[in-house]
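Peer 1: what follows is a predicted structure for the sequence shown.
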Amino acid sequence: MTKFRSRLLFAIISLIIIVFVCLGLVLGLLVNGFILHGVQNDYPIEKINGEIWSSLIVCLGISLAVILSLVIRITSIYTKPIEDATIAANELAKGNYKARTYENHAYETGLLGQSINILARNIEDMSKSYEMQHDRLYTLIENMGSGLLFIDGKGYISIFNRTINEVFKTDRETLNGQLYYEAFEQKEIVTLVEEIFMTERNVRRQIRLSIAREVKDFEVYGAPILGANVEWKGIVLVFHDISDLKRLEQMRKDFVANVSHELRTPITSIKGFAETLLDGAMRDEVFLKDFLTIILNESNRLQMLILDLLELSKLENKGFVLTLSKVNIKELLDNSILMLSRKATEKDIKIELSAVDEELVVDGDMDRLKQVFINIINNSLSYSTKGDKVSIEIKDMDNVVLIDIADTGIGIEEKELPRIFERFYRVDKDRSRNSGGTGLGLAIVKHIIEAHEGTVKVKSKVGVGTTFSIYLKKNLQKRSS
């Protein structure tokens, strides 16, 4: 820029000198002409001097005007565009990518402005693209379900997402810029990071961590980050919470184990008594009748278990559909009580149904709701003794109907209550088997009530009794579970 200005100044000065030289020559010719004309016409010397000075002033004015116009012209053509381009370049350097300069395509300096504007537009497009990519990457990292953690080559935490804060119950100030072994108290994480630093290899591992008095399972993927020249950049860790998968896996194992155990018991009894009969016991009519009765009972129990398993599988199927109709609650409960009246009479247990509106109806699947009430009332009878009572009360609560089924039986310990709706969970395993239960009844009840958009709750006290509370909506919008 300085060289250009020097050359431009040199050109202007040269132009001025040329103009003055030309002006001198013209003035010389004029002066000679005036003098020669004055001598020939006998003009006074004073008149000749006045004409010379007048001509000199006029020529000087014309030359100054010419020089000034040339300077302004040169400045507008060359200097001003360069100054504008310099200003635009400075704005670009400051980060203002919207800066532009004037383009004059009639002169060579216009190419400079055009080039700067093209450069500015390219930089602006690149900046917008970078910001867009940055926003996308930030959104992706922040909202991914797995925790992402980046540790630089010196061991400082530089990048992490929101999931990391949620999982480890921390905030950004706690992790940002901290050394990894100071930020995490879990030794498993520190050991994993150090292993990646030492071996420079990818690691995939399942670890169990204790976080805020809660144990969680994670699948952790760790990888070193190396530059183009094998320059150590750091490591990245991805924490995927698999606690729910582990819990489901354990539930599956427990379910298979429970099913195997429940099936093994009646099958073992049937096989054992059948072998005993074949070994000669069938000749004794007393033994024959008793053993065949046991085989029949165990077969019925096995059939009940299989049917309950099939029923539970059907209820858990996403394609399960309720057959909804207007169900009269009192009529439904009367039928359920009637079906269990023989068992209640045999155990000398009284079933009482409180007064209820004869016209109280809800939207529901009649057969499924009857299955619910039979299961719960039968459960109350099974865990009650002679002289106990089962009370059923119905309450109309605007858009909801509440059915309380309470017994005065043996009751359930408070620590057992959260698990009684689990499949095959038994409070008293020996007594449950003796009562003929499969351990699936309450699990089926829970699924049917939830399919009706309702809830079922239980309260109990050992030695006092148990109360099941069923909440059913009067009107259902959904037609399937």
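Peer 2: Alright, I've got the coordinates. Residues are numbered from 1 along each chain as shown.
Peer 1: in contact with the residue lying closest to G234 once chain neighbours are set aside, which residues?
Peer 2: Spatial nearest neighbour of G234, excluding adjacent residues (CB to CB, 6 or more residues apart in numbering): D152 at 4.1 Å. Heads up, the C-betas are built off the backbone N, CA and C, glycines and all. Neighbouring residues of D152 by CB atoms under 8 Å, 6 or more residues apart in numbering: 158, 233-234.
Peer 1: identify, from these, the entry nearest to N297.
Peer 2: Proximity of those to N297 (CB to CB) peaks at G234, which lies at 68.6 Å.
Peer 1: tell me the domain ranges of the chain?
Peer 2: 2-123, 144-241, 246-315, 319-473 (automatic domain parsing).
Peer 1: what's the most buried one of those?
Peer 2: Across those, averaging neighbours per residue (mean count of other CB atoms under 10 Å) puts domain 319-473 on top, at a mean of 17.
Peer 1: top strand in the protein by residue count?
Peer 2: Assignment by DSSP state E gives strand 214-226 as the longest strand of the chain.
Peer 1: who does that one touch, helix- and strand-wise?
Peer 2: If you count contacts as 3 or more CB pairs under 8 Å, 6 or more residues apart in numbering; DSSP states H and E, strand 214-226 packs onto helix 187-199, strand 203-211, strand 232-241, helix 243-278.
Peer 1: the inter-axis angle of it versus helix 243-278?
Peer 2: Orientation of strand 214-226 against helix 243-278 (axes from the mean of the first three to the mean of the last three CA atoms, to 10 degrees) gives an angle of 120 degrees.
Peer 1: now what about strand 214-226, what contacts it?
Peer 2: So strand 214-226 is contacted by 150, 167, 189, 192-193, 196-197, 200-209, 232-243, 245-246 (CB under 8 Å, 6+ apart).
Peer 1: tell me which of the contacts of D152 is nearest to V445?
Peer 2: Closest to V445, out of all of those and judged by CB to CB, is S158, at 53.1 Å.
Peer 1: so the closest one belongs to a strand, correct?
Peer 2: Yes. The assignment for S158 (DSSP: H, G, I helix; E, B strand; the rest coil) places it in a strand.
Peer 1: how about it, nearest residue that isn't a chain neighbour?
Peer 2: Distances taken as CB to CB, 6+ apart put D152 closest to S158, at 5.1 Å, once the chain neighbours are dropped.
Peer 1: which phi and psi does that neighbour have?
Peer 2: phi -80, psi 180 (degrees, to the nearest 10).
Peer 1: with L288 instead?
Peer 2: The phi and psi values for L288, taken as degrees, to the nearest 10, are phi -60, psi -50.
Peer 1: OK, contacts around it?
Peer 2: 277, 281-282.
Peer 1: so what's it scoring on pLDDT?
Peer 2: pLDDT, L288: 81.
Peer 1: distance of it relative to K474?
Peer 2: 56 Å (CB to CB, to the nearest Å).
Peer 1: if we can go back for a sec, what's the closest of the contacts of D152 to K370?
Peer 2: Of all the contacts of D152, S158 has the smallest distance to K370: 62.9 Å, by CB to CB.
Peer 1: hang on, that closest one packs against F150?
Peer 2: Yes. If you go by CB atoms under 8 Å, S158 and F150 touch, sitting 5.6 Å apart.
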